[in-house]
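Student: any chance you could fold what I've pasted below:
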Amino acid sequence: MFSSPEFWVAAALVIFIGLAVWKGMRPLLDSLDQRSEKIRNELDEARSLREEAQALLADYKRKQRDALAEAEQIVDHAKQEAQRLAKKAEADLKEQLVRREQQALDKIAQAEQHALREVRDQAVDLAIAATAKLVESKLTDKDAGKLVDDSIAGLGSKLN
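Tutor: Below is the predicted model:
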């Protein structure tokens, strides 16, 4: 058995495999450990990146909701402001129309007063002219003197 070359080849092979396993397993195991540690680190990094991406997505969704809510508030405020301005413009227009109507009524009243004054003045002028013609035609010198004397006497009492 010890003299056969197959035995020694088998023994050498077993010893070689044993030494290879004993000396070669450590670097192989270290390499596998390093690889598994690298994979674990990559998985942890991927997990943290995923969590960060989810946080960013949630933040952007919240910002989008906030922006939409703010836009709705701006639109509502603009509608309210437009309604307020429309009501104010309507009130201003009504006030202006009332003021213009009053001005027109005042102008009409002034025109009526002016027309009445002119009619009265013309009536007085006509009455004076008619009276003057009547007096000229019917008044004698004696009556004219008496009328002048009575007027002069009446002036004193009217001036005081």
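
Student: the residue sitting nearest the centre point of the chain and Arg84, how far apart?
Tutor: Taking C-alpha atoms, centre = their mean as the criterion, Ala78 is the residue nearest the geometric centre of the chain, at 4.3 Å. For Ala78, the distance to Arg84 equals 11 Å [C-beta to C-beta, to the nearest Å]. All C-beta atoms are positioned from the backbone trio N, CA, C, and that covers glycine.

Student: residues near Lys38, how many?
Tutor: 10 (other C-beta atoms under 10 Å).

Student: for it, pull up the helix or strand it's in.
Tutor: Per DSSP states H and E, Lys38 falls inside helix 5-138.

Student: quick check: mean pLDDT of that helix?
Tutor: The average pLDDT within helix 5-138 is 90.

Student: please compute how far it lies from its chain's middle.
Tutor: 10 Å (C-alpha atoms, centre = their mean, to the nearest Å).

Student: which SS state does Ser3 fall under?
Tutor: Judged by DSSP: H, G, I helix; E, B strand; the rest coil, the three-state class of Ser3 is coil.

Student: and it, how far from Leu13?
Tutor: Taken as C-beta to C-beta, the span from Ser3 to Leu13 is 18 Å.

Student: neighbour count for these two, which is higher?
Tutor: When neighbours are counted by other C-beta under 10 Å, Leu13 comes out ahead of the other of Ser3 and Leu13, with 10 against 6.

Student: against Lys23, how distant is that one?
Tutor: Taken as C-beta to C-beta, the span from Leu13 to Lys23 is 16 Å.

Student: same check on Glu90?
Tutor: Counting by C-beta to C-beta, the gap from Glu90 to Lys23 is 100 Å.
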